[in-house]
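Engineer: What shape does this take:
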Amino acid sequence: MTENKRFGDDVGGWTVPPRPEAFEMKGDFVALERLDADLHAADLHGANSVDDALWDYLPYGPFPSAADYLRWARSVEEKDDPYFYAVRDLKNGHVCGVLSFLRISPEAGGIEIGHINFAPELQKTRAATEAFYLAMEWAFEAGYRRFEWKCDANNIPSRRAAQRLGLSYEGVFRQAAIVKGKNRDTVWFAAIDKEWPALKEAYKTWLAPQNFSESGAQIISLKDLTGIVRASSDPVLK
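Structural biologist: Numbering: from 1, shown residues only. So this is what the prediction gives:
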């Protein structure tokens, strides 16, 4: 008898994964530390005060003073969702970015990465890529089935980053929100658990020392490595 899949595939022995916890995720270039306002806020404010445009697509900021940033950090540091991490560059010890897990749905196996704010010194570095890799590694290896990335449709750098990381374009939710008095159309990207082994291998290959010349130039791009995994590409970037 043919199995009836009218209601979708059976998830088999899948079990509900845990929620994020206050632990450090550490790689070769970067560490993700549970956000601690007293420990991280001053450095984060300094690193992220060089360009107000860093805050354009976030619902808060920029923060005129370190005290303002400290108040914001204290307001989110103990939240369960979004669950914030500070990003520490292990090469120089600087805390120069934040990211979070949010819309955490263990019962469905879904988790999103967001509230990403990387200082210019962290952007477009191996440390930045490794930060995303560590977050995705934790999520999938904890048992999550779906890893999401959403951004403002006008945020082209974010759209490029999601595609470079191998997340598949899933469409646009029009007029999904109002942020700072402006309409926001939200673009959805995601990767799913069956794609993770190939994505993990792509990240490891890209991050490996032999993938970089003596001058630090990449030999194979991450976009090329993850392109074989991506189910669909962002049409705006074609």
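
Engineer: tell me the secondary structure for residue 190?
Structural biologist: strand (DSSP: H, G, I helix; E, B strand; the rest coil).

Engineer: Show the model's pLDDT score for the nearest residue to it once chain neighbours are set aside.
Structural biologist: Counting by CB to CB, 6 or more residues apart in numbering, residue 190 lies nearest to residue 148, which is 4.7 Å off, once chain neighbours are set aside. All C-beta atoms are positioned from the backbone trio N, CA, C, and that covers glycine. With respect to pLDDT, residue 148 scores 98.

Engineer: what pairs with the helix or strand harbouring residue 148, and is each one parallel or antiparallel?
Structural biologist: Assigned by DSSP states H and E, residue 148 belongs to strand 146-152. Partners of strand 146-152 in the sheet, by DSSP bridges, are strand 110-118 (parallel), strand 182-192 (antiparallel).

Engineer: Output the first one as PDB, nothing but the C-alphas.
Structural biologist: Backbone C-alpha positions of strand 110-118 (Å, rounded to 0.1, in the frame of the first residue of the first chain) are rendered in PDB as follows:
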ATOM      1  CA  GLY A 110      12.400  26.700  14.300                       C
ATOM      2  CA  ILE A 111      14.800  29.400  15.300                       C
ATOM      3  CA  GLU A 112      15.800  32.800  13.800                       C
ATOM      4  CA  ILE A 113      19.000  34.800  13.900                       C
ATOM      5  CA  GLY A 114      18.600  38.600  14.000                       C
ATOM      6  CA  HIS A 115      19.300  41.900  15.800                       C
ATOM      7  CA  ILE A 116      22.600  41.600  14.000                       C
ATOM      8  CA  ASN A 117      24.900  44.700  14.500                       C
ATOM      9  CA  PHE A 118      28.500  44.200  13.600                       C
END
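
Engineer: Need the contact partners of it.
Structural biologist: 48, 54-55, 58, 61, 82, 84, 87, 96-105, 128, 131-132, 135-136, 139, 144-150, 158 (CB atoms under 8 Å, 6 or more residues apart in numbering).

Engineer: So how do I select the buried members of the residues you listed in PyMOL?
Structural biologist: Buried residues among the contacts of strand 110-118 (16 or more other CB atoms under 10 Å), as a PyMOL selection:
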select buried, resi 48+54+61+82+84+87+96+97+98+99+100+101+102+104+105+128+131+132+135+136+139+144+145+146+147+148+149+150+158
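
Engineer: avg pLDDT for the longest helix along the chain?
Structural biologist: Longest helix in the chain by number of residues (criterion: DSSP state H): helix 126-142. Mean per-residue pLDDT for helix 126-142: 98.

Engineer: Would you mind giving the orientation angle of that helix with respect to strand 110-118?
Structural biologist: Here the directions of helix 126-142 and strand 110-118 differ by 170 degrees (axes from the mean of the first three to the mean of the last three CA atoms, to 10 degrees).

Engineer: what's next to helix 126-142, contact-wise?
Structural biologist: Residues from elsewhere that reach helix 126-142, judged by CB under 8 Å, 6+ apart: 17-18, 20, 25-30, 32, 85, 87, 89-91, 97, 99, 101, 111, 113, 118, 122, 147, 161, 165, 191, 193, 196, 199-200, 203, 206-207, 212, 222.

Engineer: ok so, going back, what separates the residue nearest to residue 190 from residue 110, distance-wise?
Structural biologist: Taking CB to CB, to the nearest Å as the measure, residue 148 falls 7 Å from residue 110.
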